[in-house]
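# below are the sequence and a predicted model for it; my questions follow.
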Amino acid sequence: MNDLVQPQYAIHTAGLTKSFGKHNAVDGIDLCVPRGSVFGFLGPNGSGKTTTIRMLLGLTNISKGEVTLLGHPMPAGLALALPKVGALVEGPAAYPYLSGRDNLIRFDAADINANPATRKERVEAALARVGLTQAAEKKVTEYSLGMKQRLGIANALLQPRELLILDEPTNGLDPQGTREVRNLIRSLADDGITVFISSHLLVEIEQICTHLAFMSRGKVVAQGSVEELAALEQQVLTLKSSHPEGAIAALKSLGISATFDGEYVTAVVTDPAVKAENLSKQLVEAGIGIASFALAAPTLEERFVALTGEGFEVA
Amino acid sequence: MPKFALNSSLYLSEISVLFRRRRTWAMLATIALIPIALASAVALSSSTIPAGEGPPFLDRVSHNGFFVGFTALVVAMPLFLPLTIAVVSGDSIAGEANTGTLRYLLIAPVSRARLLAVKFFGAIVFSFAAIFTLLLSGLVIGAALFHIGPVTLLSGDVISLPAALYRLFLLLCYGTISMIGLSALGIFISTLTVIPVGAMAATVVISTVMQILDNLPQVAVIHPYLISHNWLGFADLLRSPMDFGSFATNAIVQLCYVGIFGALSYSRFSTKDILS
């Protein structure tokens, strides 16, 4: 593949910054979103995810830094890049007095590249893809939040896209709806579309992502493929014992510093050579009674807390 | 991907959306009531109206129903028409920002200049529809309550009804052109806020202030430049020969306002952070 025609990255930013007064809502981030990836853009509410997406799409000015979208430098290349990008930004929005179908027709009419002759069938296909065909005639004011969310996704799918930018696409959806959106994203990714998906809820998207970036207070604190991020990580030991002090002392003699939280003895194990079988055996040999024992890679949430020192629900 | 360069879809969509709003029809219905109320009042009052009393040309209404629409335009021009134009133009950008649809239009993508042009087009079409409704309603009620026949012009000449209808069409053009400056002003204010009602109110306030200034002899020097100064100059179209002087002056003043506020809108809107 020619690098000029098909650049390696669907989204690339260098030192991207957005300032509001003295405050940097986005503070010099370098994002590399490879083509064909499902890229999870994670961070708590208020960490700068939506502000970043607004800059990617040319909705707000870039204070500092550079953005390349599908190989086009922004904002100069907006008109060239945007027709190939479908997006959901900060929740869905629609004309409440129009039906779902008429809303899609309106947004499609706005795209100067959209062929009016195929408008009807593309709108119907998008409605069908998100399961809104039955409700297409209803006015949007009668839609539930979940239906509006689907309509927003349908809007992003009106044209064949190379990149989808989905900001919190599962917001307001019930568990079944969330599963459907995940399956939809999977099937889109299978078609070769790059999907950039932001969320403050890790568990909802971690299963489908091939790449991740963690955002905290306007900065990207870690990014890479899921495997790369996993390889960096330590294991977490969680142990229940009738003698927690003894367990801590025994672990210390093995070079592992542990703490007791009142119920569990926990420790971060940095040496990848440490295996659960060996460690539990060593503890038993040291005379420590074990009620429960787990040594595992941390969940994404635990990783995030380790990286940023803050929980996921922090605003 | 083919580029549909002469794609008029968004212009058509704008008109279609405008006329699918109940608000638009409510405003047009109210406008249609103005000539009906006016004609009914004249028909029901027993005393003849002395010339020069009440709104201009009111005395002619009972002689010829043709003058109902004309008089209604005189009545509606200073306040009610600008009010409805302010609603449509003030809502143009701020309304889209308020519902969040602005961001989806812009990433569709619509260039910001094109969106402003589309909104301006929508406001002009609405102005035309509003004045058309007013004049049509005037003709219908005039024909129903009074005699409609050859029209005696202000200059005393009598013209046939078809010729008079042509004058009415020119009146429609005059009224529409009178509103383009205000439309551009309303759209500019609309780019400054995400609260449509604020933009509508500000547009009405400016239009009213201009009309107050237009009535103060102390500031006569600025009168010719006020947006509303020529709004009522359409009487010249009811003379023979027709005097297009005020038509041209009005058009030039309105185009100047369109130029100024068009440029301001673009410079403001093209670099604006869309945070709604």
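Great, that's in hand.

# drop to CA atoms for contacts and neighbour counts, all remaining ones
Fine.

# so who does whichever residue of the stretch 201-315 of chain A sits closest to chain B touch?
Chain B sits closest to A:G218 of the stretch 201-315 of chain A, with a gap of 16.8 Å, by Cα to the nearest Cα. By Cα atoms under 8 Å, 6 or more residues apart in numbering or on different chains, the residues touching A:G218 are A:N24, A:A25, A:V26, A:D27, A:G28, A:I29, A:S47, A:G48, A:K49.

# save the residues you listed as CSV, and put in neighbour count too.
Shown next, in CSV, are those (neighbours: other Cα atoms under 10 Å in any protein chain shown):
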residue, neighbour count
A:N24, 16
A:A25, 21
A:V26, 28
A:D27, 22
A:G28, 20
A:I29, 21
A:S47, 22
A:G48, 22
A:K49, 29
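
# the residues you listed into CSV, with extra columns for pLDDT, distance to chain B and secondary structure?
Formatted as CSV, the contacts of A:G218 follow (pLDDT from 0 to 100; distance: Cα to the nearest Cα, whole Å; DSSP: H, G, I helix; E, B strand; the rest coil):
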residue, pLDDT, distance to chain B, secondary structure
A:N24, 92, 15, strand
A:A25, 94, 13, strand
A:V26, 95, 14, strand
A:D27, 93, 17, strand
A:G28, 94, 19, strand
A:I29, 95, 19, strand
A:S47, 89, 16, coil
A:G48, 93, 13, coil
A:K49, 94, 13, helix
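
# want to try TSV for those, with distance to A:G246 as columns?
TSV is the format used below for the contacts of A:G218 (distance: Cα to Cα, whole Å):
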residue	distance to A:G246
A:N24	48
A:A25	47
A:V26	47
A:D27	46
A:G28	47
A:I29	46
A:S47	41
A:G48	45
A:K49	45
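
# which ones are touching A:Y264?
Taking Cα under 8 Å, 6+ apart as the criterion, A:Y264 is in contact with A:T238, A:L239, A:K240, A:S241, A:P244.

# what's around the residue in chain A that chain B sits nearest to, how many residues?
Nearest to chain B in chain A, going by Cα to the nearest Cα, is A:T60, at a distance of 4.1 Å. Per other Cα atoms under 10 Å in any protein chain shown, the neighbour tally for A:T60 reads 19.

# helix, strand, or coil at it?
With DSSP: H, G, I helix; E, B strand; the rest coil as the basis, A:T60 sits in coil.

# also B:L170?
Recorded secondary structure, B:L170: helix (three-state DSSP).

# burial of it, as a residue count?
16.

# hang on, it packs against B:L237?
Yes: counting by Cα atoms under 8 Å, B:L237 is a contact partner of B:L170 at 7.4 Å.

# so the residue lying closest to the residue of chain A closest to chain B once chain neighbours are set aside: helix, strand or coil?
Closest residue to A:T60 apart from its sequence neighbours, by Cα to Cα, 6 or more residues apart in numbering or on different chains: B:D273 at 4.1 Å. At B:D273, secondary structure determined by three-state DSSP is coil.

# excluding chain neighbours, what is closest to residue 28?
Chain wasn't specified; assuming chain A. A:G15 (3.8 Å).

# my question was about chain B, not that one.
Going by Cα to Cα, 6+ apart, B:L28 has B:A130 as its nearest residue, at 5.9 Å.

# how about the helix or strand hosting the one you found: buried residues?
Taking DSSP states H and E as the definition, B:A130 sits inside helix B:112-145. Counting neighbours by 16 or more other Cα atoms under 10 Å in any protein chain shown, one finds that the buried residues in helix B:112-145 are B:112, B:115-124, B:126-128, B:130-143, B:145.

# now stretch A:88-105
Quick answer for stretch A:88-105 (16+ other Cα under 10 Å): A:88-95, A:97-105.

# filter those residues down to the ones in strands?
Members of the buried residues of stretch A:88-105 lying in strands (criterion: DSSP state E): A:L88.

# which residues sit against stretch A:204-216?
Residues outside stretch A:204-216 that contact it (Cα under 8 Å, 6+ apart): A:31, A:33, A:37-44, A:47-49, A:170, A:178, A:182, A:186, A:199, A:220-226, A:300, A:304, A:308.

# now the buried members of these.
Buried subset of the contacts of stretch A:204-216 (neighbour count, 16+ other Cα under 10 Å): A:31, A:33, A:37-44, A:47-49, A:170, A:178, A:182, A:186, A:199, A:220, A:223-226, A:300, A:304.

# residues of chain A that sit close to chain B?
Within chain A, the positions near chain B by Cα under 8 Å from any Cα of the partner chain are A:57-61, A:79, A:82-83, A:87, A:89, A:92-95, A:97-98, A:106-116.

# among those, which ones are buried?
Among the residues of chain A next to chain B, those scoring as buried are A:57-61, A:79, A:82-83, A:87, A:89, A:92-95, A:97-98, A:106-116 (criterion: 16+ other Cα under 10 Å).

# tell me which of these fall in helices.
When those are checked against helices (DSSP state H), the matches are A:A79, A:R106, A:F107, A:D108, A:A109, A:A110.

# helix/strand/coil for the nearest residue to the second one once chain neighbours are set aside?
Which is A:R106. Closest residue in space to A:R106, ignoring its immediate chain neighbours: B:S13 at 6.1 Å, by Cα to Cα, 6+ apart. Classification of B:S13 using three-state DSSP returns helix.

# ok, now the one 3 residues further on?
When classified by three-state DSSP, B:S16 comes out as helix.

# roughly how far does whichever residue of chain B sits closest to chain A sit from B:V219?
Among all residues of chain B, B:D273 sits closest to chain A, at 4.1 Å; criterion: Cα to the nearest Cα. Using Cα to Cα, to the nearest Å, B:D273 is found at 39 Å from B:V219.

# more neighbours: which of those two?
Neighbour count, other Cα under 10 Å: between B:D273 and B:V219, B:D273 has more, with 15 against 10.

# wait, what's in contact with residue 107?
Unless you meant another one, I'm taking chain A. A:N155, B:Y104, B:L105, B:A108 are the contacts of A:F107 under Cα under 8 Å, 6+ apart.

# hmm, no, I was thinking of chain B.
B:I107 makes contact with A:L57, A:G58, A:L59, A:L82, A:A87, according to Cα under 8 Å, 6+ apart.

# now the residues you listed as JSON lines including distance to B:L73 and pLDDT?
Converted to JSON lines, the contacts of B:I107 look like this (distance: Cα to Cα, whole Å; pLDDT from 0 to 100):
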{"residue": "A:L57", "distance to B:L73": "46", "pLDDT": "96"}
{"residue": "A:G58", "distance to B:L73": "45", "pLDDT": "95"}
{"residue": "A:L59", "distance to B:L73": "42", "pLDDT": "96"}
{"residue": "A:L82", "distance to B:L73": "46", "pLDDT": "95"}
{"residue": "A:A87", "distance to B:L73": "47", "pLDDT": "96"}
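
# now, among the residues you listed, which is nearest to B:L182?
Nearest to B:L182 among those, counting by Cα to Cα, is A:L59 at 27.7 Å.

# ok, the closest one touching B:R103?
Yes: using Cα under 8 Å, A:L59 and B:R103 qualify as a contacting pair, with a distance of 6.9 Å.

# got any residues that touch both of these two?
Taking Cα under 8 Å, 6+ apart as the criterion, A:L59 and B:R103 both touch B:I274.

# the stretch 201-315 of chain A: strands as residue ranges?
Per DSSP state E, counting those that start in this stretch, the stretch 201-315 of chain A carries strands over the ranges A:211-216, A:219-225, A:235-241, A:258-260, A:265-269, A:290-296.

# what about the fourth one, average pLDDT?
Along strand A:258-260, the predicted local confidence has a mean pLDDT of 83.

# contacts for that strand next, please.
Here strand A:258-260 makes contact (Cα under 8 Å, 6+ apart) with A:P244, A:I248, A:L251, A:K252, A:V265, A:T266, A:A267, A:V268.

# same deal with the last one?
By Cα under 8 Å, 6+ apart, the list of residues contacting strand A:290-296 from outside reads A:Q235, A:V236, A:L237, A:T238, A:L239, A:K240, A:S241, A:S242, A:K275, A:A276, A:S280, A:V284.
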